[in-house]
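1. Provided below are the primary sequence and the corresponding predicted coordinates.
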Amino acid sequence: MKLAGWFVALLLLCPPLWASDAMPATPSAATADAARGRKLLLARQDTGCVLCHQLPGFKEGGEMGPSLLDVGARLSPEQIRQRIADPRVLNPQTFMPAYFTTAGLHNVAKSLQGKTVLSEQGLEDIIAYLLKSPS
């Protein structure tokens with residue numbers, strides 16, 4: 001039984017081998033708007049991004065999460081999308097919220113159950129801003 005418990009713990013702590021670090025574009029990528037993405041990044045009550053990350057074009061920002069300055073030079077749009085949509089795929093221990101999934105979430109208020117934090121369009125708008133924005 002000890003071996004089975006160890007195996008279960010390993011599965012919970014490590015991303016599956018088939019997990020991808022990239023998520024393909026959604027249909028809303030075609031109408032992504034960087035200006036809307038900028039607003040979402042700064043919306044403390046809606047996304048909270050600015051609370052944890054240094055953001056391109058802003059003097060203020062948190063230092064808890066990685067800097068998003070020049071993130072487009074380090075990651076592809078597909079990699080950025082995955083990290084926003086569900087960062088747990090890459091790091092099950094992350095404290096960053098899953099913004100575009102409802103799978104595996106616990107203790108969600110009844111009024112928010114089954115709803116994602118970001119809409120498909122919001123996700124793509126944020127990516128558009130991060131890819132176009134100045135350092």
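-> All right, it came through fine.
2. pLDDT-wise, which helix or strand of this protein ranks last?
-> helix 2-13 (a mean of 45; mean pLDDT, DSSP states H and E).
3. Show me the shaky parts of the protein.
-> The model of the chain has pLDDT under 70 over residues 1-19, 133-135.
4. Next, the contact list for the most centrally placed residue in it, please.
-> Centroid-nearest residue in the chain: Ile84, 1.3 Å away (criterion: Cα atoms, centre = their mean). The contact partners of Ile84, by Cβ atoms under 8 Å, 6 or more residues apart in numbering, come to 99-100, 118, 123, 126-127. C-beta: built from backbone N, CA, C; applies to glycine.
5. show me where this structure has helices.
-> 2-13, 34-42, 49-52, 71-74, 77-85, 120-132 (DSSP state H).
6. between the contacts of Ile84, which is nearest Asp46?
-> Asp46 lies nearest to Leu118 out of the contacts of Ile84, by Cβ to Cβ, at 8.4 Å.
7. Identify the residues contacting the closest one.
-> Leu118 makes contact with 40, 47, 84, 99-100, 126, according to Cβ under 8 Å, 6+ apart.
8. What backbone torsions are found at Pro24?
-> With angles defined as degrees, to the nearest 10, Pro24 sits at phi -60, psi 160.
9. looking at it, it is touching Pro77, isn't it?
-> No - using Cβ atoms under 8 Å, Pro24 makes no contact with Pro77, being 9.5 Å away.
10. more crowded one of the two?
-> Taking neighbours as other Cβ atoms under 10 Å, Pro24 and Pro77 compare with Pro77 leading, 19 against 10.
11. Which residue, other than its chain neighbours, is closest to that one?
-> Counting by Cβ to Cβ, 6 or more residues apart in numbering, Ile127 is the residue found nearest to Pro77 once chain neighbours are left out, at 5.6 Å.
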